[in-house]
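A.B. asks: give me the fold of what follows.
(chains A, B, C and D)
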There are 2 protein chains.
Amino acid sequence: MRNAEFDRQQVLRSAMHAFMHKGYNKTSMQDLTAATGLHPGSIYCAFGNKKGLLLAAVEQYRADRTSQMATVFSSKKPVLAKLKDYLDGVVQECLSCNTSQSCLLTKAITELAEQDPEVQHILSDHLKAWQNSLQHQFQAAIADGELPKDSDPVFLSEYLVMGIYGLRTFAHTQPQPEVLIRLAERLYANVCT
Amino acid sequence: MRNAEFDRQQVLRSAMHAFMHKGYNKTSMQDLTAATGLHPGSIYCAFGNKKGLLLAAVEQYRADRTSQMATVFSSKKPVLAKLKDYLDGVVQECLSCNTSQSCLLTKAITELAEQDPEVQHILSDHLKAWQNSLQHQFQAAIADGELPKDSDPVFLSEYLVMGIYGLRTFAHTQPQPEVLIRLAERLYANVCT
DNA sequence: AAAGAACTTGAATAAACGTTCAAAAAATAT
DNA sequence: ATATTTTTTGAACGTTTATTCAAGTTCTTT
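C.D. replies: Purely as a prediction, here's the structure:
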């Protein structure tokens, strides 16, 4: 028996960034060997093929995002304040990225929609799970009396998710901080008041 | 002297649909010769290269969309009613597409962001022009007293554009009519009331 | 130490890619 | 009709692609 030499998380994060940077189809195996430091044989041994590496990277992405969200929402603030913090984080992410670093999930689902139904299904599930965890926060806000009792947490999470999708795409073409911040504030107001 | 045999608009619309369907990188020249009916040599003679064909197709897309918008907004209805009609049209488009037929401009800008700055710039300009024509409609609505005099048409058009981007991405993962219609209605309400 | 199992290495493979080009065809001009 | 010009044709080109595999290396077990 012998363990792999490479750090799996590190490899997946490198692959993840390569895919986010160039997109799935334009990221060649040569790019991936360069980014991960692994030779082709090692990649195929560990992940099967290029698609397998994408799916593993997507899984890592989901795990990273989940723990990041958990951090934000573990605060003792009111729920709506935490939602505002989360939204501010999204805006900062749109701004901070030197490049147009959109969400790996939406980027991949847009690119691979017609190309690979299996990948599309997996990505849709992840995005739905993300929407679901936002929905739980709205439920908590309603339970805590921060939102009216007759609010619809499903609809609110759908609308917020739609807004975040839109914000990310908007940032691609007009990444001015003032504009994005103003849009996010209005989005928050339209959802949480 | 001799004129080209093919119908330029028809060729460009075919190429446009091929690019929207598979994305730029995954649409091979073989796909494009099949879609357009042109042989490689003819494509290179008429458009220079694959990127040239994309840009010509994008130009055709913009022209088609512009005249489509002109049709909607040439109606004699109140401006806000026309905006609602336009938004309903977007939703119908999200639903009707057998496939996930997103906007060619946003699809291409997401895919080619890092790959080709020139294409990105051209696409950004087109999207900005689209936003601008929506802004003019908001200005008209304000002038007609359909919106408060102190409304900010720039911000309203930004927010509506963001919402439409989001709606299209959302439709990729959850294309249920009720959901999209409800989201669009709330978006309209948040912008126009 | 020796044997065995697992991982690493990187050159090789076949297929697909965007692009070119010389020959054939067709339309206009003379 | 003939000459001239332009487009069409489609095979061929050199790259690049994802993937494979046999040989080499390294770790663990005995």
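
A.B. asks: list the contacts of residue A:59.
C.D. replies: residue A:12 (CB atoms under 8 Å, 6 or more residues apart in numbering or on different chains). No exception for glycine: its C-beta is placed from N, CA and C like everyone else's.

A.B. asks: do a quick rundown of the helices in chain A.
C.D. replies: Assigned by DSSP state H, the helices in chain A fall at A:8-22, A:29-36, A:40-47, A:50-73, A:79-96, A:104-112, A:117-143, A:153-173, A:177-192.

A.B. asks: how near is residue A:130 to residue B:40?
C.D. replies: Distance, residue A:130 to residue B:40, by CB to CB, to the nearest Å: 44 Å.

A.B. asks: which of those two has more residues huddled nearby?
C.D. replies: The neighbour count for residue A:130 versus residue B:40, taken as other CB atoms under 10 Å in any protein chain shown, is higher for residue A:130 (19 against 11).

A.B. asks: the more buried one contacts residue A:65, correct?
C.D. replies: Yes. Between residue A:130 and residue A:65 there is a contact under CB atoms under 8 Å: 7.2 Å.

A.B. asks: now residue A:171. Nearest residue, chain neighbours left out?
C.D. replies: Spatial nearest neighbour of residue A:171, excluding adjacent residues (CB to CB, 6 or more residues apart in numbering or on different chains): residue A:94 at 3.8 Å.

A.B. asks: I'd assumed residue A:175 was in contact with that neighbour.
C.D. replies: Yes. When contacts are counted by CB under 8 Å, residue A:94 is listed as touching residue A:175 (6.8 Å).

A.B. asks: out of the two, which sits in the busier spot?
C.D. replies: The neighbour comparison of residue A:94 against residue A:175 (other CB under 10 Å) goes to residue A:94, with 24 against 13.

A.B. asks: need the contact list for that one.
C.D. replies: A:167, A:168, A:171, A:175, A:180.

A.B. asks: can you give the domain ranges for chain A?
C.D. replies: Per automatic domain parsing, the domain ranges recorded for chain A read A:1-60, A:75-192.

A.B. asks: I'd like these laid out as a markdown table, including mean pLDDT and distance to DNA strand C.
C.D. replies: Converted to a markdown table, these look like this (pLDDT from 0 to 100; distance: least, CB to the nearest atom of the strand, whole Å):
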| stretch | mean pLDDT | distance to DNA strand C |
| --- | --- | --- |
| domain A:1-60 | 93 | 2 |
| domain A:75-192 | 94 | 11 |
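
A.B. asks: any chance of these in a markdown table, plus distance to DNA strand D?
C.D. replies: Output for those, formatted as a markdown table (distance: least, CB to the nearest atom of the strand, whole Å):
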| stretch | distance to DNA strand D |
| --- | --- |
| domain A:1-60 | 3 |
| domain A:75-192 | 12 |
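
A.B. asks: how about those domains in TSV, adding distance to residue B:81?
C.D. replies: Converted to TSV, the domains of chain A look like this (distance: least, CB to CB, whole Å):
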stretch	distance to residue B:81
domain A:1-60	40
domain A:75-192	21
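
A.B. asks: quick one: residues contacting the residue positioned nearest the centre of chain A.
C.D. replies: Nearest to the geometric centre of chain A sits residue A:103, at 4.5 Å (CA atoms, centre = their mean). By CB under 8 Å, 6+ apart, the residues touching residue A:103 are residue A:168.

A.B. asks: could you check how far it is from residue B:23?
C.D. replies: Counting by CB to CB, the gap from residue A:103 to residue B:23 is 17 Å.

A.B. asks: and residue A:115, how many neighbours?
C.D. replies: Residue A:115 - counted by other CB under 10 Å - has 14 other residues nearby.

A.B. asks: likewise for residue A:176?
C.D. replies: The local packing of residue A:176 (other CB under 10 Å) involves 10 other residues.
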